[in-house]
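J.: Based on what follows, work out the 3D shape:
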Amino acid sequence: MRGTGLALAVAIAVVPASVGAETGGKSIHDSYAATAQRLIEAALRDTDGLSRLQYLCDRIGNRLSGSPSLERAIEWSASEMRRAGFENVRTPLVKVPKWVRGKESAVMIEPVQKPLWMIGYGMVPGTPPEGITADVIVVSSPDNLKDLGRPHIAGKIVLFIANADNSKLSYTLGPAAAAAEGAVGVFIRSGFPMQGPHTMALNWPTGATRIPTAALSVEDAAMIQRIVESGQQVRVRLMMEAHQEPDADSHDVMGEIRGREKPDEVVVLGGHIDSWDVGQGAHDDGSGIIGAFEAVALIKKLGLEPRRSIRVVFWVNEENGGAGGRAYREFVSDQVRNHVAAIEDDNGAEKPTGFGFGGSQQQAVFPGAFQRVVDIAELLKSIGADKIVPRGSGGDIRPLTADGVPGFAMRTVGTHYDEWHHTHADSFDNINPRDFQLHIASLAVLSYVLADMPERLTDLK
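T.: Numbers count the residues shown, from 1 in each chain. You can find the predicted model right below:
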């Protein structure tokens, strides 16, 4: 899932470069430039990270919460952390929802016979075993349902032809609104042609009637729209075996390198180990977890011993529940006060441009802390990953940032991520090796400096 972050409720003041730039009498550059360059060079030579990511994608594959493949990935990840020499490798229990897709299909039966390219949304119910056969009604947004009225919608499948302005409304409000007017199913047009339809979890309003809901390819949605607009009725048979089973046992995965002076203070970084059950979860979020893993492995390989501990966490169930992030917050309990920073890489493995930095809407970012982060990012200028923007959180670290932990979110060029993630195209062949190495370098430098510099960001007013 794309790490959206939470908007800051403060304006970032312009701060002189000297503010917060000193660490024990030396600037960030003077203190860490040589070490940062060593980490960058090591990351750009590294092949172990790419090999691990390939194994995760090709040998384990997609990793939906509650699935056997996710549990294989968890077992393998913990083993790899131990093999890399991480300390305190743990897999604490997390209860996760178990939604099962099953077989699914859609066929247009009038005015012509044609299979439709679809994929069911997550956390939706299925159809009866024989499927649903119904006419299709085309609308542009949930607001149009009120204009049409229940007599025109009841018993039909609603197709939302969303544009850029109302696409989010279509999948957040559309299914429940259509069900309230008597619709028996919903199609939502996907956003990108030739990439296949996208899946994601739907969150239903409390008390809403849940009905089968699927994403439909751009091409098939456009065809249905053209036929309907010509005055011809379109009839479709939709079959989905989707169903919810009892919550399943799963696990977060974590390991660390212990700090030399303040081991109880922690910089935590990672991503989510679960993925949707299509594609291989390469960009979302295999690259994030393996990138974080390899960043810390390189710190250890180079014999660097930061002042504080650096902990890698592979959070579970980010895609359809967020249980792993919440469980980790409960796991650390009152020790959340010892979390110096939380870093999430969940925007895919395209070329990094820098980081969003911030926290929750309730947390102000002190100008000194923001300037310190800008100074740290300057160490990544040689690889073009030095841009810092006032926005930094993610689904897994949000429970931490909500309690005041400074949050960071990796930012990338974002050229193709939206086309790949949550589709069959999220596969290892769409990983650019050099871009992935740049992720490793960026995570290694940021996490090491945050863990080693004398002050904590929250000390910098």
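J.: contacts, neighbours, all on C-alpha from now
T.: Noted.
J.: So the nearest residue to V413 once chain neighbours are set aside versus E261, what's the distance?
T.: Excluding the flanking residues, the one nearest V413 by C-alpha to C-alpha, 6 or more residues apart in numbering is K351, at 5.9 Å. For K351, the distance to E261 (C-alpha to C-alpha, to the nearest Å) stands at 34 Å.
J.: neighbour count winner among these two?
T.: K351 (22 against 13; other C-alpha atoms under 10 Å).
J.: Who are the contact partners of that one?
T.: T412, V413, G414, D435, F436, L438, H439 (C-alpha atoms under 8 Å, 6 or more residues apart in numbering).
J.: at 7 Å instead, please
T.: Neighbouring residues of K351 by C-alpha atoms under 7 Å, 6 or more residues apart in numbering: T412, V413, D435, L438.
J.: Kindly report the same for A215.
T.: Counted by C-alpha under 7 Å, 6+ apart, A215 has contacts M118, I119, G120, Y121, F187, I188, R189, S190, P197, H198, T199.
J.: what's the helix or strand where the second one lies in contact with?
T.: Using DSSP states H and E, the element containing I119 is strand 118-120. Identification of contacts with strand 118-120 by C-alpha under 7 Å, 6+ apart yields S105, A106, P197, H198, T199, T213, A214, A215, L216, S217.
J.: at 8 Å instead, please
T.: Contacts for strand 118-120 (C-alpha under 8 Å, 6+ apart): 101, 104-106, 196-199, 212-217, 240, 242.
J.: got it, and stretch 430-444?
T.: 39-40, 42-44, 46, 49-50, 282-283, 287, 291-292, 294-296, 298-299, 349-352, 354, 380, 383, 385.
J.: same question, stretch 73-82
T.: Taking C-alpha under 8 Å, 6+ apart as the rule, stretch 73-82 contacts 56, 60, 63, 89-91, 251-255, 273, 293.
J.: again, only using 7 Å
T.: Contacts of stretch 73-82 (C-alpha under 7 Å, 6+ apart): I60, V89, V253, G255.
J.: Can you mark which positions in that stretch are buried?
T.: Across stretch 73-82, burial judged by 16 or more other C-alpha atoms under 10 Å covers A73, I74, S77, A78, E80, M81, R82.
J.: State the helix or strand in which the fifth one lies.
T.: Element membership of E80 [criterion: DSSP H and E] is helix 68-83.
J.: Give the next helix or strand downstream of that helix.
T.: Taking DSSP H and E, what comes next after helix 68-83 is strand 87-90.
J.: V445: how many residues sit nearby?
T.: With other C-alpha under 10 Å as criterion, V445 counts 26.
J.: for it, what are its contacts?
T.: Taking C-alpha under 7 Å, 6+ apart, we find V445 in contact with A36, L39.
J.: now L70
T.: R63, L64, D274.
J.: One more pass at 10 Å, please.
T.: By C-alpha atoms under 10 Å, 6 or more residues apart in numbering, L70 lies in contact with 60-64, 76, 250-251, 273-275, 277, 316-317.
J.: which strand in this protein runs the most residues?
T.: Ordering each strand of the chain by length in residues (DSSP state E) puts strand 262-272 first.
J.: Give the buried residues for it.
T.: Neighbour-count burial for strand 262-272, with 16+ other C-alpha under 10 Å as criterion, is recorded at P263, E265, V266, V267, V268, L269, G270, G271, H272.
J.: Same check on stretch 238-255?
T.: For stretch 238-255, burial by neighbour count (16+ other C-alpha under 10 Å) applies to L238, M239, M240, E241, A242, H243, S250, H251, D252, V253, M254, G255.
J.: Can you tell me how far the third one is from T213?
T.: From M240 over to T213 the distance is 9 Å, taken as C-alpha to C-alpha.
J.: for the stretch 351-461 of the chain, which spans come out with low pLDDT?
T.: Applying pLDDT under 70 to the stretch 351-461 of the chain picks out residues 359-366.
J.: For it, just list every one of the strands.
T.: 352-358, 387-389, 407-412 (DSSP state E, counting those that start in this stretch).
J.: so which of the ones you listed gets nearest I343?
T.: strand 407-412 (4.6 Å; C-alpha to C-alpha).
J.: returning to that earlier point: quick one: strands adjacent to the longest strand of the chain?
T.: strand 308-315 (parallel), strand 339-344 (parallel) (DSSP bridges).
J.: ok, of the contacts of stretch 430-444, which come out buried?
T.: Buried, going by 16+ other C-alpha under 10 Å: 39-40, 42-44, 46, 49-50, 282-283, 287, 291-292, 294-296, 298-299, 349-352, 354, 380, 385, out of those.
J.: In helices only, show me the residues you listed.
T.: Residues of these located in helices (DSSP state H): 39-40, 42-44, 49-50, 287, 291-292, 294-296, 298-299.
J.: can you give me the helices in the protein?
T.: Under DSSP H, the chain gives helices at 28-45, 48-55, 68-83, 143-148, 150-153, 167-172, 174-180, 218-229, 287-301, 323-332, 367-377, 398-401, 417-420, 433-452.
J.: Which one of these lies nearest to V112?
T.: Closest approach to V112 among the helices of the chain (C-alpha to C-alpha): helix 218-229, 10.6 Å.
J.: Can you tell me which helices and strands the closest one packs against?
T.: strand 114-116, strand 118-120, strand 132-139, strand 157-160, strand 185-189 (3 or more C-alpha pairs under 10 Å, 6 or more residues apart in numbering; DSSP states H and E).
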